[in-house]
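Q: next comes the sequence, and after it the predicted model I'd like to discuss.
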Amino acid sequence: MTIQNTAKSAPTNRAVSGPFDITEVANRSQYANFGALQILPQQDVDIRLEVEDGTNRVVAVTLEYQGSSLQLQAFAAPKSEGLWNDIRAELAASIKAQSGVAEEQIGAFGLELQVRIPLQDADGNIVGNRSGRFLGVDGPRWFLRGLIGGAAIHDPTAASQIEAIFRSVAVDRGSEPVPPRELLTLHVPEGVVTPPRGAII
């Protein structure tokens with residue numbers, strides 16, 4: 001029998017130090033509006049949209065800074081329950097089923113998941129590994145997931161820099177009813193021509 005852990009997982013000072021709910025942001029005009037994700041533009045940070053094949057739906061926003069990357073996705077969540085504890089366990093089980101490694105670590109935002117996933121060629125031969133750090137924060141009726149890649153996986157200085165970017169993000173849950181775990185709507189900011197898949201804007 002699977003026992004669900006619906007306790008919220010977030011820093012105790014989240015509302016003050018981030019990631020923020022949009023209602024906690026004093027000056028929203030400073031943010032670039034990607035729909036559910038509000039991104040604070042920062043020097044030397046490139047922003048890339050991840051677009052779903054076939055539908056052209058924006059499914060993630062990736063920020064790149066000095067050899068590190070941070071992929072962001074926001075999901076609907078129940079008002080009084082969290083998603084990260086269960087999602088973290090599911091991610092770990094899925095990665096281990098692929099013969100990968102998934103280890104829980106205490107990080108700046110609570111428990112995170114450090115992973116290493118084997119990469120295979122067309123013949124099924126393992127040709128390397130892909131490493132990453134999954135972060136998760138449960139907010140008011142939303143869940144924000146980050147996937148860190150590059151230098152910030154192991155380098156403390158790079159990690160601190162990319163974690164500061166994650167902390168600056170604001171989530172706009174919206175008022176429409178959305179089932180828990182459903183990806184919240186993302187879009188290209190106004191005034192920006194829709195870029196090709198994976199383009200940096």
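A: On my side now, so go ahead.
Q: and stretch 83-96, what's buried?
A: 83, 84, 85, 86, 87, 88, 89, 91, 92, 95 (16 or more other CB atoms under 10 Å). C-beta coordinates here come from the backbone N, C-alpha and C atoms, glycine included.
Q: can you put these in CSV and add distance to residue 174?
A: As requested, the buried residues of stretch 83-96 are arranged in CSV below (distance: CB to CB, whole Å):
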residue, distance to residue 174
83, 17
84, 20
85, 24
86, 23
87, 21
88, 25
89, 28
91, 25
92, 30
95, 31
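Q: taking the centroid of this structure, which residue is nearest it?
A: The central residue of the chain, meaning the one whose C-alpha is nearest the mean C-alpha position (CA atoms, centre = their mean), is residue 146 at 2.3 Å.
Q: next up, the contacts around it.
A: Going by CB atoms under 8 Å, 6 or more residues apart in numbering, residue 146 touches 70, 71, 72, 134, 135, 136, 166.
Q: which of the buried residues of stretch 83-96 lies closest to residue 20?
A: Distances from these to residue 20 were compared by CB to CB; the smallest belongs to residue 84, at 16.7 Å.
Q: is it true that the closest one touches residue 139?
A: No. Residue 84 sits out of contact with residue 139 when judged by CB atoms under 8 Å, with a separation of 10.3 Å.
Q: that's a strand at residue 149, yeah?
A: Yes. Residue 149: assigned to a strand according to DSSP: H, G, I helix; E, B strand; the rest coil.
Q: beta partners for the closest residue to it other than its chain neighbours?
A: Distances taken as CB to CB, 6 or more residues apart in numbering put residue 69 closest to residue 149, at 4.4 Å, once the chain neighbours are dropped. Partner residues in beta bridges with residue 69: residue 64, residue 149, with DSSP bridges as the criterion.
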